[in-house]
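# One predicted model, sequence on top.
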Amino acid sequence: MRTTAPARTRLRLAGALATVLVAAGVVTGPAAQAGEQHGKQRTLAELAQRHGRYFGSATDNPELTDTPYTKILGDEFDMITPGNGMKWYATEPQQGVFDFSKGDEIVKLARKNHQRVRAHTLVWHSQLPDWLTSRTWTADELRPVLKKHIQTEVRHYRGKVYAWDVVNEAFNEDGTYRETVFYKTLGPGYIADALRWAHQADPHAKLYLNDYNIEAVGPKSDAYYALAKELKAQGVPLHGIGLQAHLALQYGYPTTLEDNLRRFARLRLDTALTEVDVRMLLPATEEKLAQQADWYRDMTKACLAVRRCVGITVWDYTDKYSWIPDFFEGQGAALPWDEQLRPKPAYHAIREALG
Ligand code: 9MR
């Protein structure tokens, strides 16, 4: 009596099982790669979507003429953030004169590629127009200026963007308020006002506060936690906290990231990793790139572990267009694709975490 299936049936069963496991994302390695070769390899966006998350990239207008670059931008991601085009200096270069051409170009491209947009940013102390920074303001003068800027821009993009970084980088490292022109002139209430004004202008957009160095639990993220709790208690329309996640290998991994995401979720707030990059002291060695890959993997896993962490955006996807070398001398190689648009170990690590 035959107790095992004939060889050909066994092969067919093994093949079917492999297909199911690959489809379910259970199997990776040679079998999965072979399976993926028949169809197209899933994109980061598709892998993220299977978890109900998005995977995004920042981009900037000057790069959009680079066709190999825009091909990957259009293929791999389902969320786009304009790196500069929606900032105050770009959108209101003269007081009361608005120019949305840069942001519009990126929104249009995203639409063509069936991507959503995380809009960035309405209130920030940096990249402000000269007319705003070159004089002093009283509260009575600045309030209507801020309100008009926020509402004109948010109305312009109403229905076209998923979320807004309403206020960017409002706190110092020690958790005290950053002494920006808005804080100094209007007091801390400018944050609640900005959120309310933005909400009036687009009631469907998710409204975020966004900052760097708040990935770990510490004085700066504690300040956001306290503020968010207070704003929620007051019924102010705040929907999420954006953790920029500009990390650097030489400063260590924020090991409390997942706990931090969880405490914001308990306040009924979304979180997102909004500007991820992991820089290193150059030259990039195999060892550093492997460590970088581990960090990308761990960050992705932390987000997937917390239901309200809605997605991840890298601060552009290729070292070719990273802001790092211009701002930190001798540092770079921060993104998952290299300067030649070749995927790095970090890219494979993200896939693995999403897989
Ligand atoms: O990517 C942006 C870069 O092109 C600009 O020169 C720079 C100016 O500060 O801003 C970069 O984006 C910043 C973002 O808007 C807010 N978080 C920090 C980012 C890196 O500086």
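On my side now, so go ahead. Numbering: from 1, shown residues only.
# The residue of the stretch 1-150 of the chain found nearest the ligand: neighbouring residues, count only.
Here the stretch 1-150 of the chain gets closest to the ligand at one residue, residue 83, 4.0 Å apart by C-beta to the nearest ligand atom. (Each C-beta comes from the backbone N, C-alpha and C, glycine too.) Under the neighbour criterion other C-beta atoms under 10 Å, residue 83 is assigned a count of 21.
# ok, now residue 254?
The local packing count at residue 254 equals 23, with neighbours defined by other C-beta under 10 Å.
# How is it classified with respect to secondary structure?
Remark: residue 254 carries the secondary structure label coil [criterion: DSSP: H, G, I helix; E, B strand; the rest coil].
# My guess is the residue of the stretch 1-150 of the chain closest to the ligand contacts residue 316. True?
Yes. Using C-beta atoms under 8 Å as the test, residue 83 is close enough to residue 316 to be in contact (6.6 Å).
# Mutual contacts of these two, please.
With contacts taken as C-beta atoms under 8 Å, 6 or more residues apart in numbering, the residues that reach both residue 83 and residue 316 are 58-60, 323.
# near the ligand, which of the residues you listed show up?
Intersecting those with the contacts of the ligand gives residue 323 (criterion: C-beta under 6 Å from any ligand atom).
# which of the shared contacts of residue 83 and residue 316 sit farthest apart?
59 and 323 (12.1 Å; C-beta to C-beta).
# overlap in contacts of the two?
Among the neighbours of residue 59, those also in contact with residue 323 (C-beta under 8 Å, 6+ apart) are 83, 316.
# Of those two, which one has the most company?
Each of residue 59 and residue 323 had its neighbours counted (other C-beta under 10 Å), and the higher figure belongs to residue 59 (25 against 19).
# Now that the more buried one has come up, it's in contact with residue 80, right?
Yes. Taking contacts as C-beta under 8 Å, residue 59 lies within contact range of residue 80: 6.0 Å.
# Spit out the residues that contact the two alike.
Common contacts of residue 59 and residue 80, defined by C-beta under 8 Å, 6+ apart, comprise 73, 106.
# Please list the residues of the stretch 151-300 of the chain that sit near the ligand.
Within the stretch 151-300 of the chain, the residues that sit near the ligand (C-beta under 6 Å from any ligand atom) are 168, 212, 244, 275.
# Same list (the residues you listed) but as TSV, adding secondary structure, pLDDT and neighbour count.
Rendered in TSV, the data for these read as follows (DSSP: H, G, I helix; E, B strand; the rest coil; pLDDT from 0 to 100; neighbours: other C-beta atoms under 10 Å):
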residue	secondary structure	pLDDT	neighbour count
168	strand	99	23
212	coil	98	17
244	coil	99	22
275	strand	99	25
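# Specify which member of those is nearest to residue 335.
Proximity of those to residue 335, judged by C-beta to C-beta, is greatest for residue 275, which lies at 11.2 Å.
# For the closest one, give me its contacts.
By C-beta under 8 Å, 6+ apart, the contact list for residue 275 reads 58, 81, 210, 212, 242, 244-246, 313-315.
# for residue 240, same thing?
Contacts for residue 240 (C-beta under 8 Å, 6+ apart) come out as 163, 206-209, 269-272, 310.
# In CSV: those residues, plus pLDDT, neighbour count and secondary structure.
Written out in CSV, the entries for these read as follows (pLDDT from 0 to 100; neighbours: other C-beta atoms under 10 Å; DSSP: H, G, I helix; E, B strand; the rest coil):
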residue, pLDDT, neighbour count, secondary structure
163, 99, 25, strand
206, 99, 19, strand
207, 99, 22, strand
208, 99, 28, strand
209, 99, 26, strand
269, 98, 22, coil
270, 99, 21, strand
271, 99, 26, strand
272, 99, 30, strand
310, 99, 22, strand
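# Just flag the most distant two among those residues.
Most distant of the contacts of residue 240, by C-beta to C-beta, are 209 and 310, 14.8 Å apart.
# ok so, going back, could you pick out the buried ones from the contacts of residue 275?
The neighbour-count criterion (16 or more other C-beta atoms under 10 Å) marks 58, 81, 210, 212, 242, 244-246, 313-315 among those as buried.
# Can you pull up the most central residue in the chain?
Centroid check for the chain by C-alpha atoms, centre = their mean gives residue 274 as the closest residue, at 2.2 Å.
# which residues does that one contact?
Contacts of residue 274 were listed using C-beta under 8 Å, 6+ apart, and they are 81, 118, 120, 165, 208, 210, 242-245, 313.
# What about these, which are in strands?
Taking DSSP state E, the ones among the contacts of residue 274 that sit in strands are 81, 118, 120, 165, 208, 210, 242-243, 313.
# got a pLDDT number for residue 36?
Residue-level confidence at residue 36 comes out at 49, pLDDT.
# what does residue 10 give?
Here, the pLDDT recorded for residue 10 equals 38.
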